[in-house]
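**Student:** got a predicted structure plus its sequence, pasted below:
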Amino acid sequence: MSDVTIVEFDVDLSLGHRWVAQGASPFGVRPVERVRLDFGPLYPTKAPGPSYRADLGRGFPHVQPWLTADGRPVPCLTEAPIDDFHAVYGIHGLIDQFVAWLKRAASGALIDPHQGWEVSRRDGYIDSVLVDVAAIRRLPDAQPGGQFGYAYLQTSFAAHRLGAGDPGSWLGEVGDVVKLDDASLGGRVRGDVVYGEGVCLAVWATSGEGEPVPVFADYEPDDVETYADLMAKAERLKVSRRLGMYLDIVTNNAPYGGNAAKLPVVVLMMVRRPLPLAGSESDIEVFAYSLPLTFPSKRAKLDPRTRVDRLAVRDRLSRQLLRRVSGGPEIVTPWALIGAGSLGSKIGIHLARHGVTPIAVSDKSQLLPHNVARHGLLPTTDGLGLEWRGPKSSALVEAVASIVREPLRDLPGDATEALILMEAWADAPKVIVNTTASLALRAGAAQTPSSARWIDAELFDRASLGTLRVEGPGRNPSIEELAGVGYAAAARDESLAQHIFEGAGVSRLALGEGCGSSTMIADDARLSVQAAVMAEAIGQHLAQMPTTGLIQTWRRDGGGLSHETTPISPFFRLALADGWTLSIAPTVSAAIDAEAGRWPKSETGGVLVGRVSFITRTIYALDTMQAPSDSKRSPSFFELGVVGLAGAISDLTARTGGALYCVGTWHSHLGAANPSQVDRATAAKLAKDAPYPLALLIRGTDGFQCIFAGYREGDR
């Protein structure tokens, strides 16, 4: 310690006359305590190390599990890292904390009942065991079994140089309760690491019939170092007989498929405290240890000097842990992810880290070198990176499964086939998240018989614009209808149109040769920002699906994003001839009603703007155009004018890159919406020359009717 400056000083704690007369408080703290601060070579960047006299002992909460080099206990003075505390409050603040700690130790007030029981400090433990802590804490109250005071559990582990000198680091994981005869035991060496399976013995104190459950209110440090220490602690916690007996059973009877082998056995001692643990609703504290046992062995007793390693108890990786750390609600809605590319992989990983995992992932594409630029997964350094060159869906499934430690289904093929497969599952998804940006898949989604609602995620203009479309209840509006609403909105909003319709929105980068070797240009950072907010929104929707359709947009605004949410009411769907349908946006219905209201004594009309899908056999009426100025209106007829109409339609189609065009006309009747002979003749004339089906919509006092100006595909 030649590079350490040691400063000792006396602290008058003003304990009161009675404790001063007695020479100490009931907890052994003296009226004047000599304490120490060790100033290292990195002071003042590193705070001085506090310690107190060794004979005061370590039986206090907020005491570190280590000692100074000369065996002095180290108090835990600050909730924040001590270096950070010292940086803010300086040496005087640190001394004030030391004085406050000693005063509370003197009166036994280091545990605040309002905050809960303070567990033994385990800072700095190298070895740890991963446990489903909530499940373990339920064992003492479980029926049957809880009254017996013990349980065997399967474990797995990885250790460096286990059983040979310095054990290095050790990591174990406790699994499910198992019968001892069914436990898997064994080890295998890979390099300097031993991997294996072992057994865990969990023990707890029990009570006789009609007796209270044993509760232990005495705080003690976790200072076990040998088997003798372990049994002494077990004696104080009333589990020594049980622990010794069942350890003997383990060594004498546990199966092992080879010659005698020394393997670690995890011991969990569960202690019921008088208060719930701080930050928990449970009153059970878990102490964990690892000790080497030989399998099989007839040696019933362990050497008291056998080394026992203290283990830090960590929560086992699970969806529940991820949700708790992320702070989100439990989500039980089964959902599937279609598309494991750049956007889909990032959304999938974000949601998995939130504990929200799909039941299946589908993508027909393979990972290619250019995907490294922004995919959510990373290639390996092995060989030519052949592990990277697999199906995108398989890679993402493996990554998500490694996060949540739960299996999910891989569907590396055509999305339509995947949807048919999923529909037959008992746990068929209730929500489909589509990130493919495939026009064919989006249109085909409306054809699937599933009642699962779709959420469509799409990026435009080098990820400057992100759009999330959420289908309404009963899949009305559908994602195809919502996409049409988005196109209509962009046609009216020049700033939005620049993202969706203009050159940057559709720029592609050719990669290699042949079909299917192009991708949108967008850097990883821009795409990741969009993927993150989309994943957050999808998680919220999965927790509680909206009561209407929704369109959410995120636009880059400097270094951030501006967000807008637009609810979309159901579309009005009219059946037409030959299996076709007219789907009318709510804004179109409202515009027609408003225009008819302007002409209460005459028929009036206009042009329907939208899209036609030959996959869904649907005409989508997404917007209207005002009737030209030379249109004629009377109580008995409406004649659509022509002045400027062709130019206006051509301009719209050009501005929207062909996304929107004329899909028919509408006109009103002052009475019922029954088509007249003139209406039918007009439809027949339009159908003769139209390159695609058109709709002649009639609005009457009794609602809508429509004449289908269709054609036979075979005649074209």
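**Tutor:** That came through fine.

**Student:** what sits up against the longest helix along the chain?
**Tutor:** Secondary structure of the chain per DSSP state H: the longest helix is helix 82-106. The contact list for helix 82-106, computed with CB atoms under 8 Å, 6 or more residues apart in numbering, reads 11, 13, 15, 19, 25, 27, 29, 33, 35, 37, 44-48, 50, 52, 60, 62, 75, 77-78, 110. In this view, the C-beta of every residue, glycine as well, is placed from N, C-alpha and C.

**Student:** among these, name the buried ones.
**Tutor:** Those of the contacts of helix 82-106 that meet the buried threshold are 11, 13, 15, 19, 25, 27, 29, 33, 35, 37, 47-48, 50, 52, 60, 62, 75, 77-78, 110, by 16 or more other CB atoms under 10 Å.

**Student:** now, which of the residues you listed lie within helices?
**Tutor:** Per DSSP H, these map to helices at residue 19.

**Student:** show only the entries of the buried ones among the contacts of helix 82-106 found in strands.
**Tutor:** Mapping the buried ones among the contacts of helix 82-106 onto strands (DSSP state E) picks out 11, 33, 35, 37, 50, 52, 75.

**Student:** check those and tell me the two furthest apart.
**Tutor:** Between any two of those, the greatest separation by CB to CB is 13.2 Å, found for 33 and 37.

**Student:** the helix or strand containing residue 495 packs against which elements?
**Tutor:** When elements are assigned from DSSP states H and E, residue 495 belongs to helix 494-500. Counting by 3 or more CB pairs under 8 Å, 6 or more residues apart in numbering; DSSP states H and E, the packing neighbours recorded for helix 494-500 are strand 465-470, helix 479-492, helix 503-506.

**Student:** quick one: secondary structure of residue 269?
**Tutor:** The three-state label given to residue 269 by DSSP: H, G, I helix; E, B strand; the rest coil is strand.

**Student:** number of nearby residues for it?
**Tutor:** Counted with other CB atoms under 10 Å, residues neighbouring residue 269 total 21.

**Student:** quick check: beta-bridge partners of it?
**Tutor:** Judged by DSSP bridges, the bridge partners of residue 269 are residue 203, residue 287.

**Student:** what's it in contact with, if anything?
**Tutor:** Remark: with contacts taken as CB under 8 Å, 6+ apart, residue 269 is in contact with 202-204, 233-234, 237, 239, 243, 286-289.

**Student:** okay, and residue 406 sits in which element?
**Tutor:** Residue 406 belongs to no helix or strand when assigned by DSSP H and E.

**Student:** how close does the closest residue in space to residue 678 that isn't next to it in sequence sit to residue 455?
**Tutor:** Of all residues not flanking residue 678 in the chain, residue 637 sits nearest, at 6.9 Å (CB to CB, 6 or more residues apart in numbering). Noted for residue 637: a distance of 46 Å to residue 455, by CB to CB, to the nearest Å.

**Student:** also residue 196?
**Tutor:** For residue 196 relative to residue 455 (CB to CB), the value is 43 Å.

**Student:** these two - which one has more neighbours?
**Tutor:** Neighbours were counted for residue 196 and for residue 455 using other CB under 10 Å; residue 455 has more, 26 against 20.

**Student:** the helix or strand containing that one packs against which elements?
**Tutor:** Assessed by DSSP H and E, residue 455 sits inside strand 453-460. When contacts are defined as 3+ CB pairs under 8 Å, 6+ apart, strand 453-460 sits against helix 342-353, strand 431-434, strand 465-470, helix 479-492, helix 524-543.

**Student:** run the last query once more with 7 Å
**Tutor:** Using 3 or more CB pairs under 7 Å, 6 or more residues apart in numbering; DSSP states H and E as the contact test, the elements touching strand 453-460 are helix 342-353, strand 431-434, strand 465-470, helix 524-543.

**Student:** what pairs with residue 574 across the strands?
**Tutor:** Counting by DSSP bridges, residue 574 is bridged to residue 582.

**Student:** rewinding a little: so what's the gap between the strand holding residue 455 and the chain middle?
**Tutor:** Remark: strand 453-460 is offset 18 Å from the chain centroid, using CA atoms, centre = their mean, to the nearest Å.

**Student:** quick one: strands adjacent to that strand?
**Tutor:** Neighbouring strands of strand 453-460 in its sheet, by DSSP bridges, are strand 431-434 (parallel), strand 465-470 (antiparallel).

**Student:** now the shortest one: how far from the chain's centre is it?
**Tutor:** Shown here is strand 431-434, whose average C-alpha point lies 16 Å from the average C-alpha point of the whole chain (CA atoms, centre = their mean).

**Student:** let me know the next secondary structure element after it.
**Tutor:** Next element after strand 431-434 (DSSP H and E): helix 439-445.
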